[in-house]
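Enquirer: need a 3D model of the following:
(2 chains, ligands or ions: 4)
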Amino acid sequence: MERSFLTFNNVSFQYREDYPWVLQNVTLNVKPNEWVAIIGHNGSGKSTMAKLMNGLLFPQHGSVVVDGEELAEETIWEIRKKVGMVFQNPDNQFVGTTVKDDVAFGLENHGVPREEMIKRIQQSLETVGMSSYENQEPHRLSGGQKQRVAIASVLAVSPELIIFDEATAMLDPKGRREIMNTVNHLRRERDVSIITITHDLNEVAMADRVIVMNKGEVWHEGTPREIFAKQAELTDIGLDAPFVTKLAHELKDMGLDLEMEPINHEEMLDALCKYHLKT
Amino acid sequence: MQISFKNVSYIYQPKTPFEYKALQDLSFTIPSGSFVAVIGHTGSGKSTLLQHLNGLLAPTHGEVEIGDYKIQADEKNKQLKSLREQVGVVFQYPEHQLFEETVYKDIAFGPTNFGVEKDEIDDRVERTIDSVGLSSDMLERSPFDLSGGQMRRVAIAGVLAMEPSVLVLDEPTAGLDPRGQREMMDMFYQLHRDQQLTTVLVTHSMEDALAYADYVLVMDQGQLYMEGEPLEVFHQKEALNDVGLDVPEIIEFITKFEQKFDTSMQYTNQPLSQFAEQLKNKLKGGHHDE
Ligand SMILES: Nc1ncnc2c1ncn2[C@@H]1O[C@H](COP(=O)(O)OP(=O)(O)O)[C@@H](O)[C@H]1O
Ligand SMILES: Nc1ncnc2c1ncn2[C@@H]1O[C@H](COP(=O)(O)OP(=O)(O)O)[C@@H](O)[C@H]1O
Ligand SMILES: [Mg+2]
Ligand SMILES: [Mg+2]
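Expert: Ligands and ions are numbered 1, 2, ... in the order given. The predicted model follows:
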C-alpha cells in the first residue's frame, strides 16, 4: 500500500460529553504530496477535523496518525512542526509589526538558530512572492497579501502538510487567485501535502482528490470529476456543482453526450470541439 | 428612498501623515426601489461609501441625499437618528455583533432604543423572525447556541425590526455554504420586493450582482469606475479585468467559446437550459464547409 502521511482511523469527536457527536467514524488518508480538498455544509465538521490534525483537539474514539506517529500530548510539538495551518481571517493571523518579524515569530517558537532563520524567511517570502514587502507593516497589505504572508510563516517551519481552512473565504476574486497561484507554485517547488477546506468549487476542481463531509461523516470521496458527477446529490446535501458540470448535464439532457465529465473551461471547450468534429 | 451622491469625497485622518483619500468626487443616483450592486476590489472604497448611507460618516466634500435627508460636509446633522431608523445596515459578519442573552432581546434591541411601544416590538419580532426564515420557537434561546448561519439571520432580523426603507448589505453571504448563500440572497430579494425596499448590496460575487441587481456601480481607487445595468457592465470584460475584477463565469465561458469556434453568442440572462440549446445549435450549424 502507498504510504499515508496523515491518517484518521475511525475518529469520533464531541466538544463536551453532553454535546452531540460532531464527527462520527471518520476514516481518511492523505498521501505525501497529495492535494486533498474537503468540502461540506457549514457545521459538517471540517474545521474540527483540521484542529484534530495538529493536536488542537483530540478524538474521544479512534486515532489520528501523522507521519507514522499517533497524535498525543507527548507528540504534538513534533507533529506541529510537520503540520501548518492557514486560517480564514487575514487580520487575525498577524503577530509581528513587519512582514519579516511575523515570519520570524513562528521560527523562534520552534527554536530555529538565527542564521538558518534569515535564510528560511527569505526563501519562504520568495515562494509566496512577498520578498519586496519584508519591511512593510501588515496593515498596509491587501487581504490576499496578508494571507500570503501567513502562508510564508507556515512555510518557514518547513511543514510536510499545510491545511488551508477557508483561507480564501474573506478575499476578493483577485486575492483568491493569488492564493491559488501560490498553492500551485508551492506544489511545484516543494514536497508538501495540501488540504484545502473550501466552498469555492473552482478551487476544489484543482485538487487531486475530494473528501465530502455531511453531518460529521464522510459522505463520499473521489477525484473532483467523480464527485462533481454526483451533481444532484451534492445539491441535496447543501452543496453545489460548478458551472461547467451543470452545463455538461444540460447538454447531456438534450442528447449531446460529451466524452468525459469536463471540470473546467478548457476541458469543456475541448469536449465540445471533439463533438463538433464528429457531427 | 432615492439616494444621490453629489461630488462626494472622503478623507480618513485628514491633515495627519496618515491622511487617506478613500472616496474621490463620487456622483451617482440610485432611484427609490432599485436593487443596486456595488463591486470593486478590496480597498476600492465600498465600505466607506456604505457608511455614508446612514450617516456613520459624513462627506469631507460634497453632499449625500437620502430621501429628504441631506448630509453635508462640516454640518452637524440633527436628523441623524431618524435617518438611521430608515436605513438598515447589515455589516460584514453581523453575527459577531450579537450580545444579548436571548434571540428576542437581540432582535428587539434596535426598536427598543428608538422608543417603539412594547406591543409593537413584540409584533415586529414575530414578523421579522419569520421573514428571515427562523422559527419563533427560537426566541427564548441564546443566540450563541445557534449555528453561524442562524446567528447571521438573527442579526439581520434585528436590522429589519427597525422597518427600514433602505437596506444596505456588506457582503452578506461571506463564509456561508452554497445552499446558505443561495437561501440568504433569495431572502433579501424577497424582502426587497415585498417591502419595496431600496437595496444596496456590496458583493464579490459577480454571479449575485448579475442575478439580483438592476444596476451596478463599479468602484476603483475611491472613484466610480463604471456604472450601468448588469449585462451592460459585465460585457466589458477587459475594462473589469483591468481593475482586478472578473465577469460572471458564464460570460467568461462565452468569450472563450467565441474565440475557439470563431463565432458570436449573446448572453441575455437566459436560463442555463436555453443557453445549452443555443450552444448545441451553434455547433450543429457551424460545420457546413462551403
Ligand atoms: N468550540 C465548540 N464548542 C461546541 N461546539 C462546537 C464548537 N466548535 C464547533 N462546534 C460545533 O461542531 C459542529 C461542527 O463545527 P465545525 O467543525 O466548525 O464545522 P465546519 O467547519 O464544517 O463549518 C457544529 O455543529 C458546531 O456548532
Ligand atoms: N479608519 C481608516 N483610517 C484610514 N484609512 C482607512 C480607514 N478605513 C479604511 N481606510 C482605507 O480606505 C480605503 C478604502 O477602504 P474600504 O472603504 O474599507 O474599502 P473596501 O470596502 O472596498 O474594501 C482602503 O485603502 C483602506 O485602507
Ligand atoms: Mg469551518
Ligand atoms: Mg469592505
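Enquirer: contacts, neighbours, all on C-alpha from now
Expert: Will do.
Enquirer: which secondary structure state does B:Leu217 sit in?
Expert: Secondary structure for B:Leu217, judged by DSSP: H, G, I helix; E, B strand; the rest coil, is strand.
Enquirer: run a quick neighbour tally on the nearest residue to A:Thr168 once chain neighbours are set aside.
Expert: Closest residue in space to A:Thr168, ignoring its immediate chain neighbours: A:Arg176 at 5.4 Å, by CA to CA, 6 or more residues apart in numbering or on different chains. Applying the criterion other CA atoms under 10 Å in any protein chain shown, we find 20 residues in the vicinity of A:Arg176.
Enquirer: for the spatially most central residue of chain B, phi and psi?
Expert: Within chain B, one residue has its C-alpha closest to the average C-alpha position: by CA atoms, centre = their mean, that is B:Leu201, at 0.8 Å. Dihedral angles phi and psi of B:Leu201 (degrees, to the nearest 10) take the values phi -120, psi 120.
Enquirer: ok, the closest residue to ligand 2 within the stretch 101-250 of chain B - contacts?
Expert: Shortest the stretch 101-250 of chain B-to-ligand 2 distance, computed as CA to the nearest ligand atom: residue-wise this is B:Gly222, at 6.9 Å. Listed by CA atoms under 8 Å, 6 or more residues apart in numbering or on different chains, the contact partners of B:Gly222 are B:21-24, B:26, B:44-46.
Enquirer: out of those, the closest to ligand 1 would be?
Expert: Distance to ligand 1 across the contacts of B:Gly222 (CA to the nearest ligand atom) is lowest for B:Lys46, with 27.7 Å.
Enquirer: what is the neighbour count of that closest one?
Expert: 26.
Enquirer: list the contacts of it.
Expert: Neighbouring residues of B:Lys46 by CA under 8 Å, 6+ apart: B:38-40, B:202, B:219, B:222.
Enquirer: one more: B:Lys237?
Expert: With contact set as CA under 8 Å, 6+ apart, B:Lys237 has these partners: B:246-247.
Enquirer: specify the beta-bridge partners of the residue nearest to the centre of chain B.
Expert: In this structure, B:Leu201 has beta-bridge partners B:Ala37, B:Leu169, where bridges are defined by DSSP bridges.
Enquirer: which ones are touching it?
Expert: Contacts were defined as CA under 8 Å, 6+ apart; by that measure B:Leu201 touches B:35-38, B:168-171.
Enquirer: and if we set it to 10 Å?
Expert: The neighbours of B:Leu201, taking CA atoms under 10 Å, 6 or more residues apart in numbering or on different chains as the test, are B:35-39, B:46, B:50, B:90, B:167-172, B:188, B:208-209, B:212-213, B:216.
Enquirer: would you map the strands across the stretch 1-150 of chain B?
Expert: B:3-12, B:20-30, B:35-39, B:61-66, B:69-72, B:87-90 (DSSP state E, counting those that start in this stretch).
Enquirer: still on that earlier bit, how about the contacts of B:Lys46, which pair is most distant?
Expert: Put simply, by CA to CA the two of the contacts of B:Lys46 set farthest apart are B:Val202 and B:Gly222, 14.4 Å from each other.
Enquirer: would you map out the domains in chain B?
Expert: With automatic domain parsing as the criterion, the domains of chain B are listed as B:3-247, B:248-290.
Enquirer: please identify the deepest-packed of those.
Expert: Highest mean neighbour count among these (mean count of other CA atoms under 10 Å in any protein chain shown): domain B:3-247, with a mean of 18.
Enquirer: per-residue confidence at the residue nearest to B:Val132 when sequence neighbours are not counted?
Expert: Sequence neighbours aside, B:Arg153 is the residue nearest to B:Val132 in space, at 5.9 Å (criterion: CA to CA, 6+ apart). Here the pLDDT value assigned to B:Arg153 is 92.
Enquirer: ditto for the one 5 residues further on
Expert: Looking at B:Gly158, its pLDDT is 95.
Enquirer: so A:Phe164 is in which element?
Expert: Taking DSSP states H and E as the definition, A:Phe164 sits inside strand A:161-165.
Enquirer: helices or strands up against that strand?
Expert: Contacting strand A:161-165 under the criterion 3 or more CA pairs under 10 Å, 6 or more residues apart in numbering or on different chains; DSSP states H and E are the following elements: strand A:35-40, helix A:46-53, helix A:76-82, strand A:83-86, helix A:143-156, strand A:193-197.
Enquirer: of all these, which one is nearest A:Glu108?
Expert: Between A:Glu108 and the helices and strands packed on strand A:161-165, the shortest separation by CA to CA is 10.6 Å, and it involves helix A:143-156.
Enquirer: on that earlier part again, ok, of the domains of chain B, where does mean pLDDT dip lowest?
Expert: Across the domains of chain B, domain B:248-290 has the smallest mean pLDDT, namely a mean of 86.
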